[in-house]
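Q: My questions concern the predicted model and sequence given below.
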Amino acid sequence: MTANIRYKSRIPVKTEDSTEEKQYVGFATLPNQVHRKSVKKGFDFTLMVAGESGMGKSTLVNSLFLTDLYKDRKLLNAEERINQTVEIIKHTVDIEEKGVKLKLTIVDTPGFGDAVNNNECWKPITDYIDQQFEQYFRDESGLNRKNIQDNRVHCCLYFIPPFGHGLRPVDVEFMKALHEKVNIIPLIAKADCLTPNEIKKLKDRIREEIDKFGIKVYQFPECDSDEDEEFKQLDKELKECTPFAVIGSNTVVEARGQRVRGRLYPWGIVEVENQSHCDFVKLRNMLIRSHMHDLKDVTCDVHYENYRAQCIQEMTSKLAQDNRMESPIPILPLSTPDVETEKLIKMKDEEVWRIIFRRPQNQTQEE
Amino acid sequence: MSESAKPHPPSSQAKGEKSHAGEFGYVGIDAILEQMRRKAMKQGFELNIMVVGQSGLGKSTLMNTLFKSKVSRKSAQPNPEERIPKTIEIKSISHDIEEKGVRMKLTVIDTPGFGDHINNENCWQPIMKFINDQYEAYLQEEININRKKRIPDSRVHCCIYFIPPTGHCLRPLDVEFMRRLSKVVNIVPVIAKADTLTLEERDFFKQKIREELRANEIDVYPQKEFDEDAEDRMINDKIREMIPFAVVGSDQEYQVNGKRILGRKTKWGTIEVENIAHCEFAYLRDLLIRTHMQNIKDITSSIHFETYRVRRLNESNGLPHHHLEV
């Protein structure tokens, strides 16, 4: 029969010998090959914005992506809002820059936190996120996987009002309902009504409360030890600056002889892209220029996998109930399992196998 | 309080004045390419190549030549016996190689015994089974409840098939093998030991082979139906006019015109492996490694593997709430 023998050996190839071109094999072009393919295909990114009305969410989105997504929006007045429930509205825009195409989807949540009684106002939002996961799970398990549309929410910007003293109960409850489903980035909205000291105090307070309530906001990944010092320094500054205090603007004003995006007040001009005025630039750089890919990865590898694991468990436990199996299948912990849990996981995998393929796992398929 | 202008959304194409924080009108989405590249460099790449052909056609030497180091099975064993195994064996050897910061885990899968016996019927079966087993292993990992972040990819990305340089046409064994395997894996046929053919003989042989492949409806890499756009088609058409590549392998260096090159020294001259006037090794290397490596992997995962998966799901009557979407 056949024998599978695996030899593992490390044979170093002489590299970086500039006088000996002959040693160059050429697979160092692989990243470029991948690169070329991605440029052709384009990227997609789904961003959710959540927060009360009037926090400047739309303005910020327009400032971030230099678009005007809300041209035809009609703002409701107070009476009209009394009976409004939280809606989910999607705007999609295709952006192209330097040959790279991005299909950006903004998921808006008008009505959040606006009612008198805001009990569970985040439910439509969690339902929406779960629906996207479910859709992706179905597509992924289906037969035609060529053109799966990824509508999963990659990031949620949550706007905290600057007027209070930290997190309000609705902020805490919202973030706790969503922190295991989506990457949450909390922002302090309309930061131009605070002095630098007030901003610092508010940020410290919010960070404390996030720890206290056990809210898992999006964590920037650790720097590699071999990154250069400048990168590490930037990374450190980024981490110490959260939550970002942002200001957005759709208008261009004249400041110090230049045209900048900003807000004109009698006492001065607030420049959106001035790092000493607000953290807009940090947010934009983080969101778009350095961490967009990581946000997508964490959504796929952590949040979606958690959803999927849970979904399969529910499916198998439902079937167990229907078939009246003797032992109820317990919910597995998702951290590193011990021997007992390993056994349970194996049992569950075999269950899944049996459900999907309608036969036991170790029965091999004939050619 | 007055605003200086009506709401003026700057277009993303405007590359006007530079503001002190960056370019005015530049969002920066192209930075995602750099992010992807960083991640890919950290993770490294995997490539699994299978070599199939009779003994003595120079498979191991060619692999060593391609990757400029001793990656073949024979090099890994201290005292390789030159015997023909009774049945076809499948032997995989993995190496971690690195070049300019890009790390790759290269696995060379050898199939000693193929085509060497008196009766070679069904000698492709162990090979097909091996390929399907790799697909099966990947599928199992995909279905797990707690999936690994990065499923180890042991699927065969490319199968290099060595055609002996008879100069006439394909043999029945070649046709049988390629016909079956082109459906499950990317096949790259090469004419082995091409230094026994003159250029005219080589062209004639290649033409015959191409005709026979067409007549038997064997679709070798790059497959016509998987060309994505006009640009791809143009590049691939050029390649399709050249396959199968006539290759000569060597791991010995000689001095030619003051340069040290890989080649074979004979009394009547030295054959330079990387000289395209002598043989087509350079084209094969460029195709396999420098330009189409990612494409080969993509076709394996998005077409061959998916075909396998659909077949498996259909065999077990699929999931109850799905239906076949065209």
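A: Here it is on my side, so go on.
Q: For the rest of this, base every contact and every neighbour count on C-alpha atoms.
A: Fine.
Q: how about the strands in chain B?
A: The residue ranges that make up the strands of chain B, judged by DSSP state E, are B:18-19, B:22-23, B:45-52, B:90-99, B:102-110, B:158-163, B:187-191, B:245-246, B:253-256, B:259-266, B:269-272.
Q: Out of those, which is closest to A:Leu143?
A: strand B:158-163 (24.2 Å; C-alpha to C-alpha).
Q: So is the closest one next to chain A?
A: No - interface with chain A: strand B:158-163 contributes nothing (C-alpha under 8 Å from any C-alpha of the partner chain), its closest point being 15.2 Å away.
Q: partners of that strand in the sheet?
A: strand B:45-52 (parallel), strand B:187-191 (parallel) (DSSP bridges).
Q: Can you add mean pLDDT and give the strands of chain B back as a markdown table?
A: What follows is these, written out as a markdown table (pLDDT from 0 to 100):
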| stretch | mean pLDDT |
| --- | --- |
| strand B:18-19 | 30 |
| strand B:22-23 | 44 |
| strand B:45-52 | 92 |
| strand B:90-99 | 87 |
| strand B:102-110 | 89 |
| strand B:158-163 | 93 |
| strand B:187-191 | 93 |
| strand B:245-246 | 92 |
| strand B:253-256 | 81 |
| strand B:259-266 | 84 |
| strand B:269-272 | 85 |
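Q: ranking these by burial, who's on top?
A: Mean neighbour count (mean count of other C-alpha atoms under 10 Å in any protein chain shown) peaks for strand B:245-246 among the strands of chain B, with a mean of 26.
Q: Packing partners of it?
A: In terms of contacts (3 or more C-alpha pairs under 8 Å, 6 or more residues apart in numbering or on different chains; DSSP states H and E), strand B:245-246 is packed against strand B:187-191, helix B:281-285.
Q: where do the helices sit along chain B?
A: Using DSSP state H, the helices of chain B run over residues B:31-43, B:59-67, B:73-76, B:125-143, B:172-181, B:199-215, B:230-240, B:281-285, B:293-299, B:305-315.
Q: hang on, the earlier thing: so can I have JSON lines of the strands paired with strand B:158-163 showing distance to A:Pro266?
A: Below are the strands paired with strand B:158-163 laid out as JSON lines (distance: least, C-alpha to C-alpha, whole Å):
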{"stretch": "strand B:45-52", "distance to A:Pro266": "58"}
{"stretch": "strand B:187-191", "distance to A:Pro266": "73"}
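Q: list the contacts for B:Pro165?
A: B:Pro165 makes contact with B:Ile191, B:Ala192, B:Lys193, B:Ala194, B:Thr196, B:Leu197 under the criterion C-alpha atoms under 8 Å, 6 or more residues apart in numbering or on different chains.
Q: ranking the helices of chain B by burial, who's on top?
A: Among the helices of chain B, the stretch with the highest mean neighbour count (mean count of other C-alpha under 10 Å) is helix B:59-67, at a mean of 22.
Q: Give me the residues contacting that one.
A: Judged by C-alpha under 8 Å, 6+ apart, the contacts made with helix B:59-67 from elsewhere in the structure are A:25, B:51-53, B:70-74, B:162, B:248-251, B:285.
Q: Check stretch A:157-174 too.
A: Residues outside stretch A:157-174 that contact it (C-alpha under 8 Å, 6+ apart) are A:47-52, A:55, A:57, A:113, A:118, A:122, A:184-191, A:193-194, A:202-203, A:205-206, A:209-210, A:213, A:215.
Q: make it 7 Å
A: The contact list for stretch A:157-174 (C-alpha atoms under 7 Å, 6 or more residues apart in numbering or on different chains) reads A:48-51, A:55, A:122, A:184-191, A:202, A:205-206, A:209.
Q: How about it, which residues are buried there?
A: In terms of neighbour count (16 or more other C-alpha atoms under 10 Å in any protein chain shown), stretch A:157-174 has its buried residues at A:Leu157, A:Tyr158, A:Phe159, A:Ile160, A:Pro161, A:Pro162, A:Gly166, A:Leu167, A:Val170, A:Asp171, A:Glu173, A:Phe174.
Q: Closest one of those residues to chain B?
A: Checking the buried residues of stretch A:157-174 against chain B by C-alpha to the nearest C-alpha gives A:Leu157 as the nearest, at 17.7 Å.
Q: Check which element follows the helix or strand encompassing that closest one along the chain.
A: Secondary-structure element containing A:Leu157, defined by DSSP states H and E: strand A:155-160. Once the chain leaves strand A:155-160, the next helix or strand it forms, by DSSP H and E, is helix A:169-178.
Q: on that earlier part again, can you tell me which of the contacts of stretch A:157-174 are buried?
A: With neighbours counted using 16+ other C-alpha under 10 Å, these contain these buried positions: A:48-51, A:55, A:122, A:184-191, A:202, A:206, A:209.
Q: For stretch A:55-68, give the mean pLDDT please.
A: Stretch A:55-68 shows a mean pLDDT of 84.
Q: how about that stretch against chain B, any contact?
A: Yes - counting by C-alpha under 7 Å from any C-alpha of the partner chain, chain B has neighbours in stretch A:55-68: A:Phe65, A:Leu66, A:Thr67, A:Asp68.
Q: Any of those residues buried? List them.
A: Buried positions within the residues of stretch A:55-68 next to chain B, assessed by neighbour count (16+ other C-alpha under 10 Å), are A:Phe65, A:Leu66, A:Thr67, A:Asp68.
Q: Take those residues and keep only those in helices.
A: A:Phe65.
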